[in-house]
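A.B. asks: next input, structure requested:
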Amino acid sequence: MISIVIPAYNEAESIPRLYQEIEATASASEWDIEVIFVDDGSTDGTWAAIGALAERDPRVRAIRFRRNFGKAAALDAGFKEARGDRVVTLDADLQDNPAGVPRLLGKLEEGYDLVVGWKRRRFDPWHKVIPSRIFNWMIGVVSGVRLHDHNCGLKCYRAAVVREIRVYGEMHRFITLLADARGFRVTEMEVHHRPRSFGRSKYGAGRFIKGFLDLLTVSFLTGYAERPLHFLGVCGLLALAAGLAGLSYLAGLWTLGFRPIGNRPVLIYSAAALLLGAQMLSVGILAELIASRVGGGDRNGDSGYSIERRLQ
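C.D. replies: Numbering: from 1, shown residues only. Got it, this is the predicted structure:
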């Protein structure tokens, strides 16, 4: 079975046409599918449109949030409901073309675990396209996972990926990084992007600031969640070394008779560096104790490692 997860927020006009396209693609490919709509607190007729589809087609399942919780929460809820061994995600605004899904699923069969759509030609305003390209480049530099479009809504997963990663806050932008950190094989494939037919974009300029902060969070979590002292300890030792070097320099001046030293700025900076270094080491040790107690947990308290297969 192929599970198709679709987060939707105020997309009443797009839902019927999107489902027609999915149905046509599934029929042509002879797929066994389930379509899981997640209504993220819509205030228009989105839930009614989904309900009409569910009444005539038992393959349609739906979840409705009490209010708008965001795309990450909608995806997480949909992933938990998915029963297929392949999972596809699509945006509900018709900009993702379901006709491209068979190619992405074919790419999975080459040994990949997650295939991300790459909108080489985007039908979005320039003030969204240019910052997005810069942000994707920055993600590649920081994480080492170099893709053209990390946040493309069209993705195909093996079920193991969605069962292991935890998507919360606004981490839907970094599913590729979370999957890569677990050892899953991630790649991309060019897909057809279409102009928006109905409504308007739900994202503003503020998402780039939030995205940068989330990138820092993901980089720390994927690199140091089980060993925080390796990060905080290194920073603390560097600060201690700088503080000790500054005080040693002042001690040398005092010994050589260059007095007084109490009015030199380097004294304040060195003392501050010593305090900062000691604090970072202390916080790092406490973080290590917490991590060891929690066990490096991920979703539902699972261990911090990922098992690909077992031999019984």
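A.B. asks: going forward, measure contacts and count neighbours with C-alpha atoms only.
C.D. replies: Fine.
A.B. asks: how much space between the residue minimising distance to the centre of the chain and Ile2?
C.D. replies: Nearest to the mean C-alpha position of the chain, by CA atoms, centre = their mean, lies Phe174 at 2.1 Å. In this view, Phe174 and Ile2 are 23 Å apart by CA to CA, to the nearest Å.
A.B. asks: could you pull up phi and psi at Ile261?
C.D. replies: Torsion angles at Ile261 (phi, psi; degrees, to the nearest 10) stand at phi -110, psi -10.
A.B. asks: check contacts around it.
C.D. replies: By CA atoms under 8 Å, 6 or more residues apart in numbering, the residues touching Ile261 are 250, 253-254, 267.
A.B. asks: return the closest of these with respect to Val234.
C.D. replies: For those, the closest approach to Val234 (CA to CA) belongs to Leu267, at 22.5 Å.
A.B. asks: for the helix or strand hosting the closest one, list every residue counted as buried.
C.D. replies: Assigned by DSSP states H and E, Leu267 belongs to helix 265-294. Across helix 265-294, burial judged by 16 or more other CA atoms under 10 Å covers 266-267, 270-274, 276-278, 280-285, 287-288, 291.
A.B. asks: and what of stretch 123-136?
C.D. replies: By neighbour count on 16+ other CA under 10 Å, the buried set for stretch 123-136 is 132, 135-136.
A.B. asks: what's the burial count for His61?
C.D. replies: Wrong residue type there; residue 61 is Arg, not His. 20 (other CA atoms under 10 Å).
A.B. asks: also Ile15?
C.D. replies: 22.
A.B. asks: was I right to think it contacts Ile50?
C.D. replies: Yes: judged on CA atoms under 8 Å, Ile15 makes contact with Ile50 at a distance of 7.0 Å.
A.B. asks: domain ranges for this structure, per the record?
C.D. replies: Residue ranges for the domains of the chain, per automatic domain parsing: 2-224, 228-294.
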